[in-house]
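**Student:** Following is a predicted model, sequence given first.
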Amino acid sequence: MSKRVLVTGGSGMLGNALREFLPNAVYISSSDCDLRDKQAVDSLFREVEPKKVIHMAARVGGVKANLERMGEFFFDNIMINTNVLHAAYQYKANKVLSLMSTCVYPIAECVSYPLTEDQLYSGKAHPSNFAYAYTKRMLDVQSRAYRLQYNCNFITAIPNNLYGPNDNFDLDNGHVVPA
């Protein structure tokens, strides 16, 4: 059990795709554990004892959903990220890979192209999804802070232009390409 890989966001598009490559990982979806709830996350980590975590869980939606429910998107995502990373630290996971979003990129007038990593925080996020974007930026900040203070091997990656099977194809709540 101590060598387990825990995948949050296990029922999403990426979680489903990952199953082919990591069939023995423990996949958690929102119906399995409310990651906004610290006690539930602590119980999950005690039970699974993951050594590696791939953190992909998030409350997501398209532009319309982001505009209409900014507070919900901010609260849910900041709690999910905070709880998962802190539990990974407390329960001594030796590696955490967290996925951010292209929403973290600054608006175009704040950067030059091609965009480089050092420009990631050079400007504000787009107004249409700033609440979600800043929670994803904070995921990177928390990962860096834990890496620096606690020597945790927590890293982030930004996948770009994802779409495919098991995506959200709803016109109101899906991302641009699938909608």
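**Tutor:** Sure thing, it's come through. These numbers come from a predicted model, not from an experiment. Numbering: from 1, shown residues only.

**Student:** Quick one: neighbours of the nearest residue to Gly123 once chain neighbours are set aside, just the number.
**Tutor:** Nearest residue to Gly123, sequence neighbours excluded (CB to CB, 6 or more residues apart in numbering): Cys110, at 2.3 Å. For every residue, glycine as well, the C-beta is placed using N, CA and C. Neighbours of Cys110 under the rule other CB atoms under 10 Å: 13.

**Student:** per-residue confidence at Cys110?
**Tutor:** Per-residue pLDDT puts Cys110 at 83.

**Student:** One more: Leu85?
**Tutor:** 98.

**Student:** Am I right that it is in contact with His55?
**Tutor:** Yes: the criterion here is CB atoms under 8 Å, and Leu85 meets it with His55 at 7.3 Å.

**Student:** Mind listing the shared neighbours of those two?
**Tutor:** 96, 98, 139 (CB atoms under 8 Å, 6 or more residues apart in numbering).

**Student:** residue ranges of the helices in the protein, please?
**Tutor:** 13-18, 38-48, 63-68, 70-90, 130-150 (DSSP state H).

**Student:** Now mean neighbour count and distance to Lys124 too, for those helices, in JSON lines please.
**Tutor:** Formatted as JSON lines, the helices of the chain follow (neighbours: other CB atoms under 10 Å; distance: least, CB to CB, whole Å):
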{"stretch": "helix 13-18", "mean neighbour count": "18", "distance to Lys124": "27"}
{"stretch": "helix 38-48", "mean neighbour count": "16", "distance to Lys124": "30"}
{"stretch": "helix 63-68", "mean neighbour count": "17", "distance to Lys124": "15"}
{"stretch": "helix 70-90", "mean neighbour count": "20", "distance to Lys124": "14"}
{"stretch": "helix 130-150", "mean neighbour count": "19", "distance to Lys124": "7"}
